[in-house]
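Visitor: everything below, folded, please.
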Amino acid sequence: MTTLDPFDVRRARSAHGLLAAFADAGVLAAADVHVARCLAGLCDESDERVVLAVALAVRAPRLGHVHVDLAAIQKTATVDSDKPVDLEALPWPPAGPWVTVVESSALTGVGEDDPRGAAPTPLRLLDSRLHLDRLWRDERSVAADLVALADAAPAVDDAVLRDGVRRLFTDEPAGRQALAGASAVLSRFAVIAGGPGTGKTTTVARVLALLAEQARAAGEPELLVALAAPTGKAAARLQEAVHAEAATLATDETVRAWLAGLEAATLHRTLGWRPGTESRFRHDRSNRLPHDVVVVDESSMVSLSLMARLAEAVRPDARLILVGDPQQLVAIEAGAVLGDVVGPSSTGLRLSAPRRARLAELTGHPVEATDPPPEGHVADGVIVLERVHRFGAGIATLADAIRRGDADATLAVLRAAPAGVIWLEQDAADAGPAADLVRRRAVTAGSAVIDAARAGSAAGALDALGAFRVLCAHRRGPYGVATWAARIEDWLAVARPGLRPAGSPRPFAGQALLVTQNDRELRLFNGDTGVVVADGDHLRAAFERSGGTVLVSPSRLAAVEPLHAMTVHKAQGSQVGAAAVLLPDASSRLLTRELLYTAVTRARDEIILVGREVAVREAVARPAGRASGLGLRL
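Guide: Sure thing, here's the model as predicted:
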């Protein structure tokens, strides 16, 4: 069995027994070991099987899981090592006795209501699933709050809703958008899910118009709406999309003006961020949000803990609308809430018979049912949009095969090379045809940016910047952003000599920028992209906002870096004309179905995928697979 180097920073030097075996193999990190030993010491727990279980429970949220299943962990464990490790050779305790000894420990509460008493414990065991107590409480809280919202049907004027749906959704009267609009009005908890380009934010604006018309018909005051997202960049995009759609809606001027006046903010800011804490907010169960409607975009990125804080802060008589793509990259922290709510079948409708009948009457079109009817009302508010309006058939077909986890179909699309899809079957770290094609595209796009920027055309430079993007899974290493950014910068320096004096830190016309921290004063957000452009005798940094551009002095930008390539994570929520996706080696832990799907769907017109067949197969076959019990609770 291969072990870590004795001087590896991940090695826990104080580990012994079972902990040492699993730490040396790379299953446990030093932090997992230290927390487990500390908790064991507090409760005088000496059984090393229990201490190992504690360390694995601490490890779980670090990898995005809500719990560790002691009965399955031997087959699902991964290692923090680039070297092959024989996990079967590790001294795993037998599952049955292991669960029994953990259950009897003073560290562990058992079941939803521990029969041994109400004394708090750091762990909670449900069957063979071991949770950190706070994550168990968050999961139970989210489920209870969402179910309570779903069960509380609001009063609805069917005549007003029927008229509104048929007026606002004339472009898709028999489609999922109309169903989503009507369903969101009929429910206090609703989900508008779907891939990029399926019209999610367009539908949000129409839902808000429908709700405004309902409030006016009932003689109620103007609705107070919170538009929110997990990041400042996503919040800004949501606000822009709602404002753009408002101008075209078939409703009266009062409603359009109201929509155009809505502002979006990050979830943390909406909940009332408190300095010095990431887990407590000004608005909670005892001090609810004042809003009548809370809309959360990019909700696939919302962790379990943050969703728990949001759900408890929403008033029982308010509405919560989650918007996002459950197939995209999920939150860095534990949980995959949107995926748990939407469920494993993310293409069909899981509507109850009464809800299908009511939606058919409101929209004037029959509503199909492709999945077994659900229990409870949560699924009645979930609509998955399918019709893609943004990119071509080739990219859409490729994205669908990846989403379904069908590696053979994915490779068949890549080999067929439909319009808009190019596959270069080679290792992205090697020189060859892939590097030549990426070089030509990067230099062409970069030169167009430089020419427009020198001419003082901010709009032209931003358009050219959005024409092509190199996307990587890693930040560093042979497949990473740092390596490819330096390579592209060298290519541009050769193609455009004199672009910038060697070693000069000063900005230059045509320099592409990536914002790395939120700047509320300038309304620039982490992940925003811009270009330095000539403005008479001065230079200005141009960024796109609400269909126009804003110009900022480069000296006011506190946190930016040159943009030649970016990670798929940072690109989430944005679109470019063409994207070159550089897949890492098949052994990379970042290579997942969600990463590949997110990367492919960043492109509107053309995707250039660079990677070997084994890397493509590994990505498609490896979903993030986060361990969570929220779906079962719902």
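
Visitor: which helix or strand lies directly C-terminal to the host helix or strand of residue 422?
Guide: Residue 422 is part of strand 421-424 when elements are defined by DSSP states H and E. Heading C-terminal from strand 421-424, the first helix or strand you meet, by DSSP H and E, is helix 433-454.

Visitor: run the chain-centre distance for that following helix.
Guide: 29 Å (CA atoms, centre = their mean, to the nearest Å).

Visitor: which other residues reach the strand holding residue 422?
Guide: 394-395, 398, 413-415, 417, 433-434, 437, 606-610 (CB atoms under 8 Å, 6 or more residues apart in numbering). All C-beta atoms are positioned from the backbone trio N, CA, C, and that covers glycine.

Visitor: which among those residues end up buried?
Guide: Among these, those scoring as buried are 394-395, 398, 413-414, 434, 606-610 (criterion: 16 or more other CB atoms under 10 Å).

Visitor: of the contacts of strand 421-424, which is the nearest to residue 243?
Guide: Distance to residue 243, by CB to CB, is smallest for residue 395 among the contacts of strand 421-424, at 27.4 Å.

Visitor: from residue 472, how far out is that closest one?
Guide: Distance, residue 395 to residue 472, using CB to CB, to the nearest Å: 19 Å.

Visitor: what sits against the closest residue to residue 105 other than its chain neighbours?
Guide: Spatial nearest neighbour of residue 105, excluding adjacent residues (CB to CB, 6 or more residues apart in numbering): residue 50 at 4.8 Å. Under the criterion of CB under 8 Å, 6+ apart, the neighbours of residue 50 are 40, 101-102, 105, 107.

Visitor: who wins for neighbours among the residues you listed?
Guide: residue 102 (25 neighbours; other CB atoms under 10 Å).

Visitor: what helices and strands are in contact with the helix or strand harbouring it?
Guide: Counting by DSSP H and E, the element that carries residue 102 is helix 95-103. For helix 95-103, the elements it packs on are helix 48-62, strand 123-126, judged by 3 or more CB pairs under 8 Å, 6 or more residues apart in numbering; DSSP states H and E.

Visitor: quick one: closest of those to residue 238.
Guide: Of the helices and strands packed on helix 95-103, the one closest to residue 238 (CB to CB) turns out to be helix 48-62, at 27.7 Å.

Visitor: what are the pairing partners of the strand holding residue 422, and which direction each?
Guide: strand 603-610 (parallel) (DSSP bridges).

Visitor: can you name the next helix or strand after the strand it pairs with?
Guide: helix 613-621.

Visitor: got the angle between that following helix and strand 603-610?
Guide: Helix 613-621 runs at 130 degrees relative to strand 603-610, counting by axes from the mean of the first three to the mean of the last three CA atoms, to 10 degrees.

Visitor: contacts for helix 613-621?
Guide: Under CB under 8 Å, 6+ apart, the answer for helix 613-621 is 401-402, 405-407, 410-411, 414, 425, 583-586, 591-593, 595-596, 609.

Visitor: mean confidence for that helix?
Guide: Per-residue pLDDT over helix 613-621 has a mean of 90.

Visitor: among the contacts of helix 613-621, which are in strands?
Guide: residue 609 (DSSP state E).

Visitor: show the buried residues in the contacts of helix 613-621.
Guide: Among the contacts of helix 613-621, the ones that count as buried (16+ other CB under 10 Å) are 401-402, 407, 410-411, 414, 425, 583-586, 591-593, 595-596, 609.

Visitor: show the pLDDT at the residue lying farthest from the centre of the chain.
Guide: Ranking residues of the chain by C-alpha distance from their mean position (CA atoms, centre = their mean) puts residue 537 at the top, at 41.8 Å. Confidence at residue 537, expressed as pLDDT, is 80.

Visitor: so how far is residue 456 from it?
Guide: In terms of CB to CB, residue 537 sits 11 Å off from residue 456.

Visitor: got it, and residue 465?
Guide: For residue 465, the distance to residue 456 - CB to CB - is 15 Å.
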